[in-house]
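Undergrad: From the sequence below, what's the structure:
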Amino acid sequence: MEKLTPQEEEAMMVVWQIGEGNVKLFLDHLDEPRPPYTTLASTLKNLEKKGFLHSRLIGNVYIYKPAISGEEYKKRFMSGVVKNYFANSYKELVNFFVEQKKLSPKELKEIIDLIEDKKD
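TA: Numbers count the residues shown, from 1 in each chain. Have a look, this model is predicted:
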């Protein structure tokens, strides 16, 4: 699965939030500055070609809905990041955030607690 561009990711975040709708509805939910209507329409068509969206034509309006969930995208995307940048090691990923001071000892303890809770 391809990684989304920032523009595609922003559009998909709105689609995942709303669930189903047309270009105008999604445009109304984007943060300012909003892209032009035609730009968003092109982005949604590209997302459909990439397999992220399904569409159906009602009258003269396309209605879009997600082809994959936000969770599924996160799972695939993060797996690719870990594989490509951290030698397929989640330990290396966590170590990276610790070294970058993006993960505090308290947060690391919370992660350990989450892991230990899942063992049961």
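
Undergrad: Can you show me the helices along the protein?
TA: Applying DSSP state H to the chain gives helices spanning 6-18, 23-29, 37-49, 70-85, 90-99, 105-119.

Undergrad: Could you export these as a markdown table, including mean pLDDT and distance to Tyr64?
TA: Bear in mind the C-beta positions are built from the backbone N, C-alpha and C, glycine included. What follows is the helices of the chain, written out as a markdown table (pLDDT from 0 to 100; distance: least, Cβ to Cβ, whole Å):
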| stretch | mean pLDDT | distance to Tyr64 |
| --- | --- | --- |
| helix 6-18 | 97 | 6 |
| helix 23-29 | 98 | 8 |
| helix 37-49 | 98 | 6 |
| helix 70-85 | 90 | 15 |
| helix 90-99 | 90 | 33 |
| helix 105-119 | 88 | 35 |
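
Undergrad: hey, what's Lys65 bridged with?
TA: Under DSSP bridges, the beta-bridge partners of Lys65 are His54.

Undergrad: Name the residues of stretch 22-38 that come out as buried.
TA: Going by neighbour count (16 or more other Cβ atoms under 10 Å), the buried part of stretch 22-38 is 23, 26-27.

Undergrad: With stretch 81-93 instead?
TA: Neighbour-count burial for stretch 81-93 [16+ other Cβ under 10 Å]: 82, 93.
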